[in-house]
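1. model the structure of this input:
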Amino acid sequence: MDTNKGNRMFSRKSIRQFTREPFDREWTEKIEHAFTRLIPLDPTIRTDFAIIGQAKMRGLFSNPAPHYILIFSEEKDNYLTNIGYMTEQLDLYLSANGIGSCWLGLAKPKEITGKNGLPYVISLAVGKPAAELTRASVDEFIRKPVEEISQGDERFPWKEAVRLAPSARNRQPWYFIGDQDKIHCYRTKLSGPSTLLFDRLNRIDMGIACCFLQTAAHLDGRSLVFEEDREAPAAPSGYVYFISASEPASSDS
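-> Presented below is the predicted three-dimensional model:
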């Protein structure tokens, strides 16, 4: 994998102030090419990505971006997690190449279906940053302590990676338990009025955290597969089981 993109986990930040300078055609084509290289968590889910200019968005903000990346997906099981997983790869790629980006959970484009008829899910604001693109050190991250969101074995340094993953309103709605063979992922159990708003965002956030988990594995020369494990440890209080990650079985006999 691109180690620059992987190492960007430890310094990336959301950019909310952009210059007015739009991308030239060369950069637009680079980003469009990056869309084709994103790896899905579930390859059976159809997705589509597009980059548009500011004029095609509605509900703009006090510091609008010159461009927006729109993400579309068919709506089937785990599609939100798949979108979080794929789009965070793009987020890291953009940061590693000097481009600022910020997840937008509420903004919408004027056209809410993709070229393949897929419904709109979420977007990234993107552009050349008007402030520092990255953090100077991990001390600048506002995150929960690692012991609040994880426990267990650590065969490679995944705990710090998932601690630093971005999430809606910095809620970090996840918990990870590592054992000798797998890393089990859990998400916050929601109830009451917050369920309607945060269930959708939490599922996207879980995909983002799984992307950081996979990226940490790649930096250590490993790769993970994600699948349900019926024998996963019971969920900690306040969480529900989500998915498990493990290295693929060796093909050697």
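
2. Met86 sits in which helix or strand?
-> Using DSSP states H and E, Met86 sits within helix 79-96.

3. right, and the helix or strand after that helix?
-> Scanning forward in sequence from helix 79-96 by DSSP H and E, the next helix or strand is strand 100-104.

4. what mean pLDDT does that following strand get?
-> Strand 100-104 shows a mean pLDDT of 95.

5. the helix holding Met86 - contacts with which helices or strands?
-> Helix 79-96 sits against helix 3-7, helix 25-35, strand 47-53, strand 67-73, strand 100-104, strand 120-127, helix 194-219, with contacts defined as 3 or more CB pairs under 8 Å, 6 or more residues apart in numbering; DSSP states H and E. (C-beta placed from N, C-alpha, C; glycine too.)

6. looking at these, which is closest to Ser167?
-> Closest to Ser167 of the helices and strands packed on helix 79-96, according to CB to CB: helix 194-219, at 4.1 Å.

7. show me what the helix or strand just after that closest one packs onto, helices and strands only.
-> Downstream of helix 194-219, the next assigned helix or strand under DSSP H and E is strand 225-227. Applying 3+ CB pairs under 8 Å, 6+ apart, one finds that strand 225-227 makes contact with strand 239-246.

8. thinking again about what came up before, and Thr87, which of the helices and strands packed on helix 79-96 is closest to it?
-> Of all the helices and strands packed on helix 79-96, strand 67-73 sits nearest to Thr87, with 5.6 Å by CB to CB.

9. quick one: the closest one to strand 100-104, angle?
-> 50 degrees (axes from the mean of the first three to the mean of the last three CA atoms, to 10 degrees).

10. may I have strand 67-73 as CSV, with CA atoms only?
-> The C-alpha trace of strand 67-73 is given here as CSV (Å, rounded to 0.1, in the frame of the first residue of the first chain):
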residue,chain,number,x,y,z
HIS,A,67,-15.4,21.0,-4.8
TYR,A,68,-17.4,18.2,-3.3
ILE,A,69,-17.1,14.5,-3.7
LEU,A,70,-20.5,12.8,-3.7
ILE,A,71,-20.9,9.2,-2.6
PHE,A,72,-23.8,7.0,-3.9
SER,A,73,-24.7,3.4,-3.0
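
11. appreciated, that's everything.
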